[in-house]
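Sharing a model prediction with you, sequence too.
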Amino acid sequence: MDPEALERRFHRERKARKAAEQLLEQKSLELYNVNKQLSSNAAELEQRVIERTQQLYSSEHRKSAILKSALDAIVTVDINGIILEFNPAASKLFGYDPNEIIGLPMAEYLMPKWARADHYRGMEHYRKTGHGEILGKHIELTALNKQGEEIEIEAAITPIEVANEVYFTAFLRDISQRKLSEKLIVEAKEEAESASKAKGEFLAVMSHEIRTPINAILGSISILKELKHSEQQARYLIMASEAGNSLQSLINDILDFSKIEAGKMELESVEFDPVQLIEETVEMLSPRIFEKGIEVACCFDMNLPSTIKSDQAKIRQILLNLLSNALKFTNEGGILLKIQVEGENLKYSIIDSGIGIPAEKLDKMFNQFTQADSSTQRKYGGTGLGLAISSRIVGLLGGEMGVESEEGVGSQFWFTIQPDFFSGQRPPGQKYKADSARIYESNLTTQNALALQLQNMGISVEKISQESGELSRIVFSDAGDEWQYILSYDKSIESSDITLNKPVHIHDLQQAANGYLAVKGQSCLEREDEQLFHAGDKRRLLLAEDSQANQLVATTFLKSAGYDVDAVSNGKEALDAARNFNYDLVLMDVSMPEMDGIEATKLIRQLPGQNGRVFIVALTANVFKDDIERCYDAGMDGFVPKPIDKNNLLKSIGKFLTKSEA
Amino acid sequence: MKGIVFTEFIEMVEDVFSPEIVDQIINDTELDSDGAYTSVGTYDHHEILAMVTRLSELTSMPVDDLVQAFGKHLLNRFTELYPVFFKEVDDTFSFLDTIESHVHIEVLKLYPDAELPTFSIDHADGKTLIMSYKSTRPFAMLAKGLIKGAAEHFSEKISIEMVDLSNGEGNHARFELKKEAG
């Protein structure tokens, strides 16, 4: 090559080298910048890693603190049931140190053998379906501690999914103590219930057992009274009789109460006149009313139906109880009895002017064995059962009972009943002969009640105050014509004018307002009874009764009514007697030695001819429905409850003897 | 166009002809770079076209033949400079298949601004391969030389038929390659 070409080549090479160097420098700079950027990125990444690590650490720290301080045992397992976490509370509950239990299969260590199969089925089900019946709920189960003892625990198990792995966290709580307490409570409740039932049964049995001897005592006393005796003996007889009666009413109360408590109180539904019931009830107490020197007056709505259907005997019992109480606690003034119609209910009110009841005691009045205070018990007697029984009976009759009272002013007890139906509306706006009346009366209760009643009847009234001791009377007038009645408790009072007996019956008052009186003296009921008592002349009865005392009582009652009586002491003797003689009626005690009344009745019914068809009436202290049905099933015709009540006995047998005549 | 094409061209002309011819071509041709090439630089492709044209005049050899010969030389040099691209393949068809899927991808990593032609394979079985060349530059002949060089490298006898699809411009062509028996 010539030197010029070589030089040109040299220049080209140098230029190329410089270009390459420049490129290299440029690339270096680029590399440097990229490197710098990389470093900065790396630093940033490193910072983020540090922050994230700190966050994780703090979150892990928090979780660990929660696990450590949690009151509940917390156990985490993986999908295969291997324990991953076990907090201090879990150590306390199960007795394992976390180091010795973590990594082991939970079911093999913390569950009793009998529960494991179920557990594995549940885990398998979850693996297949992703569902678990017990997950997310509070459940109670039995676990196993390190000592191998079964413990009752409450558990809440939650599945947690982290990065496609499923874990189960269980919160567990020892409920052994709670379970034990629950068991003890149930046991205590059962014990209490059985004790209460035993108490009720004991009361019922004792009452039955006591009633039989009391009956003998009272019967004996009433026989003794009819014999000749000195004045001193008479006083003792009265005392014995009163004590016996009060004992009997106490036993009746207890029996009633235990029947109600046992749910065995049965209700009857009969038709009756509510006014008549009140008047009869007052009449029953009139000797005591007269004795106390206070007055009892009745007042009725004129739209009160003439017939209602309900349990007459129970309502009478309530009225007697409330009236007796009012009498007991009223020493002056009077007692007003009112019946009002309130929709479908009847409301009875008994308003007295007695000592009253302190406000703070009012709401306890219907509890059993409660009186206003303990001094009341000492002063007035009584068990405190009467109001409790009455209020419960009212409840059974579909009504309510209540009381309002003011100390020193008086009390008003009221109750409502819901009769099965009303009928026979009293004729409204009946016109009476009298158009006005003047009431001369010293007792405000009586005066007000009569005034109200007469106004209800459409008669205008003038009330004229009397001094105590002056003669009480009503003067009716009609267009100048006047007639009057003396108001008196004393039935023997004689006067040229006609007397109205207190408490004045509404029927008598209506008659009086028309100027005449149909009934005076004994009630119709008593006269009917007398007729029945004497229907037994020349009848021959068989009495089968093992108790000598009861035999004597019953025989005496029957003989006093004119019956001939053969008495035997057991069912076997009764059967023999019935075979040998065709009696008009057999009175059969149910429980007797050798052969009881049921068996004897069945055998008598197999006798040939008239002897097998004799009337048989049970004498029994067992007056529950089942017992009575047993009597009828055996072939008896009726029953008379013990203790034997003379009137009841004579009425019951009279019914059959009248039938046999017909 | 990447500087390696220019430096290899200069070296090839020096080897095959003489340094004087190289000096004359550069002297006779108006070049922005003044013929000072470095393999890492980037230069206008018109410069190589101008130089080939001048070489053809000086040597009385057709431009196409010169360019094709340069292609063969360039492929040979690539096997020396970048043996990694030839390690994984053992025949021409397989190598041609990796140009788009491998070689060009690696080139672009180093030279993100490189303007590369596309070689798309339209059909290939064991014996025949049909491919298209497309470029912004008219170097279909260079491509043919490169293919020939590859066949030589793998010691295969392959007939190459080229159809220009750009009215003789040389920037779009179809190659049909057939392996010959033996």
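Done, it's in.

hey, let's count contacts and neighbours off CA atoms from now on
OK.

If you drop the residues flanking it in sequence, what lies closest to residue 91?
In the absence of a named chain, chain A is used. residue A:97 (5.6 Å; CA to CA, 6 or more residues apart in numbering or on different chains).

Actually, chain B is the one I wanted.
residue B:154 (5.6 Å).

coming back round to it: read off the pLDDT value for the residue nearest to residue A:91.
We have a pLDDT of 93 for residue A:97.

Let me see the contact set for the nearest residue to residue A:591 once chain neighbours are set aside.
With CA to CA, 6+ apart as the criterion, residue A:591 has its nearest non-adjacent residue at 6.1 Å, and that residue is residue A:597. Neighbour list for residue A:597: A:570-571, A:588-591, A:618 [criterion: CA atoms under 8 Å, 6 or more residues apart in numbering or on different chains].

same question, residue B:114
So residue B:114 contacts B:1-2, B:107-108 (CA under 8 Å, 6+ apart).

Ok, residue A:125 next?
A:131-132.

For residue A:544, see how far away it is.
78 Å (CA to CA, to the nearest Å).

same question, residue A:590
On the measure of CA to CA, residue A:590 and residue A:544 end up 9 Å apart.

next one: residue A:367
Residue A:367 is 42 Å from residue A:544, by CA to CA.

ok, these two, which is more surrounded?
A count of neighbours by other CA atoms under 10 Å in any protein chain shown puts residue A:544 above the other of residue A:367 and residue A:544, at 29 against 16.

Report the rounded mean pLDDT for the host helix or strand of residue A:246.
Per DSSP states H and E: residue A:246 is located in helix A:231-261. If you average the pLDDT over helix A:231-261, you get 81.

before we move on, what SS does residue 24 have?
Unless you meant another one, I'm taking chain A. At residue A:24 the chain is in helix, as set by DSSP: H, G, I helix; E, B strand; the rest coil.

Model confidence score at it, please.
pLDDT, read off for residue A:24, is 89.

Against which helices or strands is the host helix or strand of residue A:317 packed?
Following DSSP H and E, one finds residue A:317 within helix A:312-329. Packing partners of helix A:312-329 (3 or more CA pairs under 8 Å, 6 or more residues apart in numbering or on different chains; DSSP states H and E): strand A:270-272, helix A:274-292, strand A:345-352, helix A:386-396.

Where among those is average confidence lowest?
Minimum mean pLDDT among the helices and strands packed on helix A:312-329: helix A:274-292, a mean of 81.

Relative to chain B, which residue of the stretch 551-662 of chain A is the closest?
residue A:626 (107.8 Å; CA to the nearest CA).

pull the CA atoms of the helix or strand containing residue A:558 into PDB?
Here residue A:558, judged by DSSP H and E, is contained in helix A:548-560. Provided in PDB are the C-alpha atoms of helix A:548-560 (Å, rounded to 0.1, in the frame of the first residue of the first chain):
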ATOM      1  CA  GLN A 548    -118.800 -48.900 116.400                       C
ATOM      2  CA  ALA A 549    -119.000 -45.100 116.800                       C
ATOM      3  CA  ASN A 550    -120.200 -44.400 113.300                       C
ATOM      4  CA  GLN A 551    -122.700 -47.300 113.700                       C
ATOM      5  CA  LEU A 552    -124.100 -45.700 116.800                       C
ATOM      6  CA  VAL A 553    -124.400 -42.300 115.200                       C
ATOM      7  CA  ALA A 554    -126.000 -43.500 112.000                       C
ATOM      8  CA  THR A 555    -128.400 -45.800 113.900                       C
ATOM      9  CA  THR A 556    -129.400 -42.900 116.200                       C
ATOM     10  CA  PHE A 557    -130.100 -40.600 113.200                       C
ATOM     11  CA  LEU A 558    -132.100 -43.200 111.400                       C
ATOM     12  CA  LYS A 559    -134.100 -44.300 114.500                       C
ATOM     13  CA  SER A 560    -134.900 -40.600 115.300                       C
END
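
So what touches the helix or strand following it?
Of the helices and strands lying after helix A:548-560 in sequence (DSSP H and E), the nearest is strand A:564-568. By CA under 8 Å, 6+ apart, the residues outside strand A:564-568 that reach it are A:538-546, A:551, A:555, A:558-559, A:574.

could these be laid out in JSON lines, adding distance to residue A:280, secondary structure and pLDDT?
Output for the contacts of strand A:564-568, formatted as JSON lines (distance: CA to CA, whole Å; DSSP: H, G, I helix; E, B strand; the rest coil; pLDDT from 0 to 100):
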{"residue": "A:538", "distance to residue A:280": "33", "secondary structure": "coil", "pLDDT": "71"}
{"residue": "A:539", "distance to residue A:280": "32", "secondary structure": "coil", "pLDDT": "84"}
{"residue": "A:540", "distance to residue A:280": "34", "secondary structure": "strand", "pLDDT": "89"}
{"residue": "A:541", "distance to residue A:280": "33", "secondary structure": "strand", "pLDDT": "92"}
{"residue": "A:542", "distance to residue A:280": "34", "secondary structure": "strand", "pLDDT": "93"}
{"residue": "A:543", "distance to residue A:280": "33", "secondary structure": "strand", "pLDDT": "94"}
{"residue": "A:544", "distance to residue A:280": "35", "secondary structure": "strand", "pLDDT": "93"}
{"residue": "A:545", "distance to residue A:280": "34", "secondary structure": "coil", "pLDDT": "90"}
{"residue": "A:546", "distance to residue A:280": "37", "secondary structure": "coil", "pLDDT": "86"}
{"residue": "A:551", "distance to residue A:280": "32", "secondary structure": "helix", "pLDDT": "83"}
{"residue": "A:555", "distance to residue A:280": "30", "secondary structure": "helix", "pLDDT": "85"}
{"residue": "A:558", "distance to residue A:280": "26", "secondary structure": "helix", "pLDDT": "87"}
{"residue": "A:559", "distance to residue A:280": "29", "secondary structure": "helix", "pLDDT": "84"}
{"residue": "A:574", "distance to residue A:280": "40", "secondary structure": "helix", "pLDDT": "93"}
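
Now do the contacts for the residue of chain B found nearest chain A.
Here chain B gets closest to chain A at one residue, residue B:36, 4.5 Å apart by CA to the nearest CA. Contacts of residue B:36 were listed using CA under 8 Å, 6+ apart, and they are A:12-16.

how close does it get to residue A:389?
From residue B:36 across to residue A:389, the span is 133 Å (CA to CA).

same check, this time on residue A:120
62 Å.

If you count surrounding residues, which of these two has more?
Taking residue A:120 and residue A:389 together and counting by other CA under 10 Å, residue A:389 has the greater number of neighbours (25 against 14).

Neighbours of residue A:263, how many?
For residue A:263, using other CA under 10 Å, the count is 9.

Does it fall in a helix, a strand, or a coil region?
Per three-state DSSP, residue A:263 ends up coil.

Phi first, then psi, for it.
When read as degrees, to the nearest 10, the backbone of residue A:263 gives phi 70, psi 20.

quick one, longest strand in chain A?
In chain A, taking DSSP state E as the definition, the longest strand is strand A:150-162.

That strand pairs with which strands, parallel or anti?
strand A:138-144 (antiparallel), strand A:165-174 (antiparallel) (DSSP bridges).

rewinding a little: is it true that the residue nearest to residue B:91 touches residue B:95?
No. Using CA atoms under 8 Å, residue B:154 makes no contact with residue B:95, being 9.5 Å away.

more crowded one of those two?
Remark: of residue B:154 and residue B:95, residue B:95 carries more neighbours, 21 against 15, as counted by other CA under 10 Å.

Might one say that that one is in contact with residue B:84?
No. Residue B:95 is beyond contact range of residue B:84, at 11.7 Å (criterion: CA under 8 Å).

How many residues are close by the residue of the stretch 101-250 of chain A found nearest chain B?
For the stretch 101-250 of chain A, the residue closest to chain B is residue A:163, as judged by CA to the nearest CA, at 36.4 Å. Neighbour count of residue A:163, defined by other CA under 10 Å: 6.

Over to it: give its phi and psi.
phi 50, psi 50.

show me the contacts for residue A:407.
Counting by CA under 8 Å, 6+ apart, residue A:407 has contacts A:355-359.
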